[in-house]
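K.L.:
sequence below, structure please.
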Amino acid sequence: MNALDRLHSPNLGLFLIRVMLAAVFLFHGSQKLFGAFGGYGLDGTSQWMGSIGIPMPYVSALLAALAETLGGVALATGLFFRPVMVPLAFTMVVAAFVGHGGKGFDAAQGGMEYPLTLLLVVVGLIFTGPGALRLGKQEVK
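P.N.:
Purely as a prediction, here's the structure:
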């Protein structure tokens with residue numbers, strides 16, 4: 001594959017989508033995992049998850065934080081892409097319908113439209129794959 005084929009617009013489009021999503025998930029995962037960017041870390045996130053009835057709140061917080069952080073890395077690099085996108089999609093299902101679902105589509109109240117949008121973009125990327133602009137070996141077609 002030559003350089004022009006790698007920069008073909010669908011590959012560049014997938015790359016731009018991946019980079020933006022990577023930033024979003026790395027940001028939110030770091031808030032949950034490390035307390036970065038004004039986040040509450042695992043303790044605060046697990047307390048909040050427990051307060052809304054999510055079972056095993058510490059384990060759930062850790063799994064969500066890892067899914068978002070590792071999902072951000074996979075989106076940025078394209079490495080281990082599909083296997084990492086599946087738990088990330090599941091995390092967004094929980095975020096949309098459990099964490100934000102009671103607020104409907106009310107963006108002012110932190111409704112479900114944002115995590116639902118992230119979910120659908122992640123699922124779309126599971127079907128398309130990361131595109132040619134990524135690290136590692138190219139898929140055989």
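K.L.:
by mean pLDDT, which helix or strand of this protein comes out lowest?
P.N.:
Taking mean pLDDT, DSSP states H and E as the measure, helix 3-6 is the helix or strand of the chain with the lowest mean score, a mean of 63.
K.L.:
list the buried residues of the helix or strand just after it.
P.N.:
Counting by DSSP states H and E, the next helix or strand C-terminal to helix 3-6 is helix 9-34. Going by neighbour count (16 or more other Cβ atoms under 10 Å), the buried part of helix 9-34 is 11, 14-15, 17-18, 21-22, 24-26, 28-33. For glycine as for every other residue, the C-beta is placed from the backbone atoms N, C-alpha and C.
K.L.:
let me see the backbone angles for the closest residue to Leu26 other than its chain neighbours.
P.N.:
The spatially closest residue to Leu26, leaving aside those adjacent along the chain, is Gly72, at 3.4 Å (Cβ to Cβ, 6 or more residues apart in numbering). Per-residue torsions, Gly72: phi -60, psi -40 (degrees, to the nearest 10).
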